[in-house]
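Novice: can't give you the sequence, but here's the structure:
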Ligand code: 5GP
Ligand code: MN
């Protein structure tokens with residue numbers, strides 16, 4: 001059932017044992033929103049835990065209380081009792097094993113246009129919000145809790161990363177107003193930016209290898225990188241690789257095809273105008289109009305062909 005933000009706040013107020021989860025392969029918004037909500041719930045006196053079924057990229061280790069995020073693989077319990085599971089920044093089919101561990105009504109808070117609200121009790125969706133962190137910022141208004149410096153850091157990290165540091169089309173006046181309030185609460189934008197943009201040497205070398213694979217398709221309207229298993233093992237994260245090629249003159253869609261394991265490939269897409277969330281959704285994934293992704297379970301040649309066919313359809317009418 002779709003609900004308003006005020007109702008989402010009521011659902012949270014009514015629960016005592018709350019688990020917070022976000023998507024696998026967590027980004028700044030997933031980590032920032034989970035951690036911010038965890039701190040908010042604790043400040044309200046709730047018994048709250050945050051569970052992420054994946055490693056947290058090292059860039060986010062500066063966030064306050066980051067070690068309070070728990071990982072299912074490290075837990076001895078197989079089932080966690082809760083009266084509410086809050087799923088952030090994705091629909092619940094992308095939270096990995098957390099969905100098996102926590103059987104509770106789901107409150108889903110998200111900003112992905114492709115979220116259809118399947119298998120949730122309540123969905124608050126604002127596809128205009130730049131980040132789930134922007135929604136959590138708004139949610140504080142409806143809760144008996146005050147913004148503090150720790151919460152502000154987590155929210156700012158999510159908003160800054162999901163907007164490409166206020167560069168992308170999802171940056172709205174309210175996004176910048178929220179950022180201003182977060183800075184007033186003590187966030188130092190340069191410190192967050194430095195940490196979020198930091199790359200390990202291994203990742204940088206991986207980027208150099210990946211760039212050697214660059215290919216253009218459809219008269220240069222599409223550019224792609226291909227990360228094979230060896231390079232994928234070399235790096236901690238491929239975050240940001242796509243940004244190097246999406247800026248090339250004439251490129252409408254940029255993509256990165258990354259080998260996860262044999263016959264499993266992750267697709268990341270970015271576009272200037274084309275709706276890549278539709279392409280991703282047709283291939284079993286989702287995302288936003290200008291940033292989306294999916295997983296293809298096929299051998300490399302088939303994955304590449306299938307992706308290029310879908311992308312070709314989307315760019316064929318663009319001059
Ligand atoms: P990225 O390319 O950074 O991995 O993802 C771009 C956007 O698409 C993010 O907002 C991410 O949450 C979403 N996304 C990526 N992969 C998937 C997927 O497999 N399913 C869904 N529903 N969304 C995805
Ligand atoms: Mn997000």
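Specialist: That came in fine, so what should we check first? In this text, all values refer to a predicted model and were calculated from it rather than measured experimentally. Ligands and ions are numbered 1, 2, ... in the order given.
Novice: Name all residues that make contact with residue 157.
Specialist: Contact partners of residue 157, counting by CB atoms under 8 Å, 6 or more residues apart in numbering, are 28, 31-32, 60, 63, 133, 192, 196. C-beta coordinates here come from the backbone N, C-alpha and C atoms, glycine included.
Novice: looking at this, it is in a strand?
Specialist: No - secondary structure of residue 157 (DSSP: H, G, I helix; E, B strand; the rest coil): helix, not part of a strand.
Novice: Let me know the pLDDT of residue 97.
Specialist: Here the pLDDT value assigned to residue 97 is 95.
Novice: Now do the residue lying closest to it once chain neighbours are set aside against residue 159, distance only.
Specialist: The shortest distance from residue 97 to any residue that is not its chain neighbour, by CB to CB, 6 or more residues apart in numbering, is 4.6 Å, and that residue is residue 72. Separation of residue 72 from residue 159 (CB to CB, to the nearest Å) stands at 27 Å.
Novice: Would you mind telling me which of the two has more residues around it?
Specialist: Here residue 72 and residue 159 are set side by side on neighbour count (other CB atoms under 10 Å), and the busier one is residue 159, at 32 against 20.
Novice: Check the burial of the closest residue to ligand 2 within the chain by counting its neighbours.
Specialist: Residue nearest to ligand 2 within the chain (CB to the ion): residue 29, separated by 3.3 Å. Neighbour count for residue 29, taken as other CB under 10 Å: 29.
Novice: contacting residues for it?
Specialist: For residue 29, the set of contacting residues under the criterion of CB under 8 Å, 6+ apart consists of 89, 131-133, 158-159, 161-162.
Novice: near ligand 1, which residues of the stretch 201-319 of the chain show up?
Specialist: Counting by CB under 6 Å from any ligand atom, the residues of the stretch 201-319 of the chain close to ligand 1 are 268, 285-288, 291-295.
Novice: try 8 Å this time
Specialist: Remark: the part of the stretch 201-319 of the chain in contact with ligand 1 comprises 239, 242, 256, 266-270, 277, 280-281, 284-288, 291-295, using CB under 8 Å from any ligand atom.
Novice: Spell out for me the ChimeraX command that would select the buried members of those.
Specialist: For the buried members of these, the matching ChimeraX selection, counting by 16 or more other CB atoms under 10 Å, is:
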select :239,242,256,266,267,268,269,270,277,280,281,285,286,287,288,291,292,293,294,295
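Novice: from the residues of the stretch 201-319 of the chain next to ligand 1, which ones fall inside strands?
Specialist: Cross-referencing those with the strands (criterion: DSSP state E) gives 256, 266-270, 286-287, 291-295 as the overlap.
Novice: now residue 49, which residues is it bridged with?
Specialist: With beta bridges defined as DSSP bridges, residue 49 has these partners: residue 19.
Novice: Many thanks, have a good one.
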